[in-house]
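Visitor: no sequence for this one, just the structure:
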Ligand code: ACM
């Protein structure tokens, strides 16, 4: 018996615990086996002690400065109250007997800073101490992870031993910027879905949600004075399949797919996030990625044909010549047009009022220059401002936007491309293309958030493309876990932290956004919170598996891709395909078939490279652990292996 008590024992326990919550602990617990402690992110120090604290049915929650700790009190009441069905009394009390005490320090404890905490659990009491309310809140998150997984239930759960192992933890984050980016432009996610996303990130001590609010496929924020942004710019034609390969819509197809947030919606989201110590950073992507704005107001473009433009529905519009984007539709705001700056002034003024966060992200990525190169307006601007290259034209644009942001009291942040045309030292940079840009920027005294594609792009596939929703690149959990946000050679004073980016071109709904975020979001959470020396893949994965169970109960989707095998194929000298299989995690058995049937543990077990039979059409594989299926049934077409195999075995 692990967590469940028999109903008789439970009854006795409930009666007893109502009268005396603490003494019962020692009667029941010594003979029970207990859960392993599985915290994500791993705390700075943790010392296990003997015994358990058992939640009583009447929990007395005492907060020293209740007015300042309202967020944690509300949160705890909900999170503890619903699954346990217990009563939580948080009326101001100075009783020494309080079961859970939340304490703000009188004298600053410099070790734990503004977000750190101490958590002490004894058989009699749980005490969370912090300098600031945020620290208390993170201590509360840790406390919830110490309770049985059923604490994530949205309904009352019976027959759970609501115990917390005795221990003492001191914990604080490695980085102040612990972010996730959700692209709500490529596909729209409702206000309630964004709240659901915030609820999940809070468990892992993330503190920033970057909302990518505008792109070629949609403008998602109401801007007063520019009604067409949401009447026209928020809607396209629904397409499903492989984004970027869609058939361009015909003029008569309804443009009714999408949506937008009113300013009131966004204020509600900001308040909801803040309640849980998450700041929302808005991104208005400019000058590139602006087709939705241009389809609404074609005068913002340098290109006369923009009057015929429509919001993108995912048909291909950018080709890449090396690292240079070449657009077949001009999706840029025109840097030579004063109306653009007037527009951005209005946008930033309103955005700044909605989002109190100190940074506004103004995009700056992937602006194609091929239309600017043909534009007489741009040629005039270059002459007037003595600009020699298109990167400098973009630099001129960015510096003007920076000034607008400053006018409204905001720090300007943008993707790393803006470094090329020159931005002021005050501009903060999100380093995505290559870690070296983040390193250089930090050495040039720009504040930097690290979000490199090779470690933190959560839109990439997590396993083989025969199983995963197809994207052009793969990023497995173990690689994400290797990430260290402090790059070698960087000035540590300027690296604010890191974030995972969930671009949603290929993500059509919130369940898939969750699937793409977790468990890779666990790995990033640990990289930005835990000391580098505390990271350990094997131990992390064991904890990850326990958190899978928590997410099952919470109803948050995650990817099981880490259990799926990795295919490698080569061609032998006589032209036969030779497949080798491996797994990302240890201790899995792989069973396979070439005969189109479904393998199980009575099928051949993979031990060494397999020569593909000449007539086989597919290789089916499934992973097991301890005689139980754990991976998904994967069907790999032999044709696909044939494509992947190098032509000659070298
Ligand atoms: C980006 O991925 N285009 C910033």
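Guide: It's in. Because the structure is a prediction, the values reported are computed rather than measured.
Visitor: Quick check: the residue of this protein nearest the ligand.
Guide: residue 365 (4.0 Å; Cβ to the nearest ligand atom). The way it works is simple: take the backbone N, C-alpha and C, and place the C-beta from them, glycine included.
Visitor: Wait, a strand at that residue?
Guide: No. Checked against DSSP: H, G, I helix; E, B strand; the rest coil, residue 365 lies outside a strand; its state is coil.
Visitor: tally of neighbours for it?
Guide: By the criterion of other Cβ atoms under 10 Å, residue 365 has 18 neighbours.
Visitor: right, and it touches residue 419 too?
Guide: No. With contact defined as Cβ atoms under 8 Å, residue 365 does not count as touching residue 419 (11.5 Å).
Visitor: Secondary structure element for residue 393, which one?
Guide: According to DSSP states H and E, residue 393 maps onto helix 390-407.
Visitor: Quick one: list the elements packing against that helix.
Guide: Helix 390-407 sits against helix 338-354, strand 359-363, helix 376-385, strand 411-415, helix 418-421, with contacts defined as 3 or more Cβ pairs under 8 Å, 6 or more residues apart in numbering; DSSP states H and E.
Visitor: Just list what the longest one packs against, helices and strands only.
Guide: I take that to be helix 338-354. Looks like helix 338-354 contacts helix 263-275, strand 279-286, strand 359-363, helix 390-407 (3+ Cβ pairs under 8 Å, 6+ apart).
Visitor: Compute the inter-axis angle for the last one and helix 338-354.
Guide: For helix 390-407 against helix 338-354, the angle by axes from the mean of the first three to the mean of the last three Cα atoms, to 10 degrees is 40 degrees.
Visitor: Also the first one?
Guide: With the same axes, to 10 degrees as the criterion, the two stretches helix 263-275 and helix 338-354 enclose an angle of 50 degrees.
Visitor: Below-threshold pLDDT in the stretch 551-650 of the chain: ranges please.
Guide: For the stretch 551-650 of the chain, applying pLDDT under 70 flags the ranges 648-650.
Visitor: can you list the residues of the chain near the ligand?
Guide: 365, 366, 415, 432 (Cβ under 6 Å from any ligand atom).
Visitor: List buried residues within these.
Guide: Neighbour counting by 16 or more other Cβ atoms under 10 Å classes 365, 366, 415, 432 among those as buried.
Visitor: wait, the second one sits on residue 416?
Guide: What that stands for is residue 366. No. Counting by Cβ under 8 Å, residue 366 stays clear of residue 416, with 11.1 Å between them.
Visitor: Residue 43: neighbour count?
Guide: Neighbours around residue 43, by other Cβ under 10 Å: 24.
Visitor: which ones are touching it?
Guide: 142, 169, 170, 171, 530, 534 (Cβ atoms under 8 Å, 6 or more residues apart in numbering).
Visitor: So what's the residue count around the third one?
Guide: When you say that, I think you mean residue 170. 18.
Visitor: same question, the fourth one
Guide: Close neighbours of residue 171, defined as other Cβ under 10 Å, add up to 26.
Visitor: Name the residues linked to it by a beta bridge.
Guide: Counting by DSSP bridges, residue 171 is bridged to residue 117.
Visitor: hang on, it packs against residue 113?
Guide: No. If you go by Cβ under 8 Å, residue 171 and residue 113 don't touch, sitting 10.6 Å apart.
Visitor: Against residue 122, how distant is the residue nearest the centre of the chain?
Guide: Note on the chain: the residue nearest the mean C-alpha position is residue 180, at 3.8 Å, using Cα atoms, centre = their mean. When distance is defined by Cβ to Cβ, to the nearest Å, residue 180 is 35 Å away from residue 122.
Visitor: Now residue 113: phi and psi?
Guide: Phi and psi for residue 113, reported as degrees, to the nearest 10, are phi 60, psi -150.
Visitor: how would you label the nearest residue to residue 529 once chain neighbours are set aside: helix, strand or coil?
Guide: Leaving aside its sequence neighbours, residue 529 sits nearest to residue 41 (Cβ to Cβ, 6 or more residues apart in numbering; 3.8 Å). At residue 41 the chain is in coil, as set by three-state DSSP.
Visitor: and residue 41, how many neighbours?
Guide: 30.
Visitor: Tell me where the model's unsure across this structure.
Guide: Looking at the chain by pLDDT under 70, you get 1-34, 92-96, 648-650.
Visitor: let's see 90
Guide: 1-36, 64-67, 90-97, 241-245, 322-323, 646-650 (pLDDT under 90).
Visitor: what are the phi and psi values for the residue of the chain most remote from its centre?
Guide: Distance from the C-alpha centroid of the chain, by Cα atoms, centre = their mean, peaks at residue 574 (46.7 Å). Dihedral angles phi and psi of residue 574 (degrees, to the nearest 10) take the values phi -90, psi 20.
Visitor: follow-up on the earlier one: identify, from the contacts of residue 43, the entry nearest to residue 88.
Guide: Nearest to residue 88, judged by Cβ to Cβ, of the contacts of residue 43 is residue 142 at 18.1 Å.
Visitor: From residue 111, how far off is that closest one?
Guide: For residue 142, the distance to residue 111 (Cβ to Cβ) stands at 16 Å.
Visitor: hmm, who's touching stretch 578-595?
Guide: With contact meaning Cβ under 8 Å, 6+ apart, stretch 578-595 is reached by 476-478, 538, 541, 562-563, 565-572, 599-601, 603-606, 608-613, 616, 618-625, 630-631, 641.
Visitor: Pull out the buried positions in that stretch.
Guide: For stretch 578-595, by 16+ other Cβ under 10 Å, it's 578-579, 581, 583-585, 588-594.
Visitor: before we move on, back to that, indicate which one of the helices and strands packed on helix 390-407 is closest to residue 400.
Guide: helix 338-354 (5.8 Å).
Visitor: The closest one to strand 279-286, inter-axis angle?
Guide: Interaxial angle of helix 338-354 relative to strand 279-286 (the same axes, to 10 degrees): 170 degrees.
Visitor: Going forward, count from 237.
Guide: From this message on, residue numbering opens at 237, which makes the last subject helix 574-590.
Visitor: Show me what helix 574-590 is in contact with.
Guide: Contacts for helix 574-590 (Cβ under 8 Å, 6+ apart): 457, 459-462, 499, 502-503, 506, 518, 520, 522-523, 529, 533, 535-536, 569-570, 596, 636-637, 640-641, 643-646.
Visitor: that's a strand at residue 804, yeah?
Guide: Yes. The assignment for residue 804 is a strand, going by three-state DSSP.
Visitor: Let me know the secondary structure of residue 487.
Guide: Classification of residue 487 by three-state DSSP places it in coil.
Visitor: Ramachandran angles for it?
Guide: Dihedral angles for residue 487 - degrees, to the nearest 10 - are phi -60, psi -30.
Visitor: what sits against it?
Guide: Residue 487 touches nothing, counting by Cβ under 8 Å, 6+ apart.
Visitor: so which helix or strand takes in residue 757?
Guide: With DSSP H and E as the test, residue 757 turns up in helix 756-765.
Visitor: Counting by contacts, list what that helix packs against.
Guide: Going by 3+ Cβ pairs under 8 Å, 6+ apart, helix 756-765 lies up against strand 413-419, helix 713-717, strand 731-738, helix 773-790.
Visitor: List the buried residues in the last one.
Guide: Spelled out, it's helix 773-790. 773, 776, 777, 779, 780, 782, 783, 784, 786, 787, 789, 790.
Visitor: Quick one: residues in contact with the strand or helix carrying residue 530.
Guide: For residue 530, the host element (DSSP H and E) is helix 527-532. Contacts of helix 527-532 from elsewhere in the structure, counted by Cβ under 8 Å, 6+ apart, are 421, 450-455, 462, 464-465, 467-470, 522, 536-537, 542, 545-548, 553, 565-567, 569, 579.
Visitor: before we move on, back to that, the residue nearest to residue 765 and residue 411 touch, don't they?
Guide: No. Contact criterion Cβ under 8 Å: residue 277 and residue 411 do not qualify, at 10.9 Å.
Visitor: any residues in contact with both of those two?
Guide: Joint contacts of residue 277 and residue 411 (Cβ under 8 Å, 6+ apart) are 764, 765.
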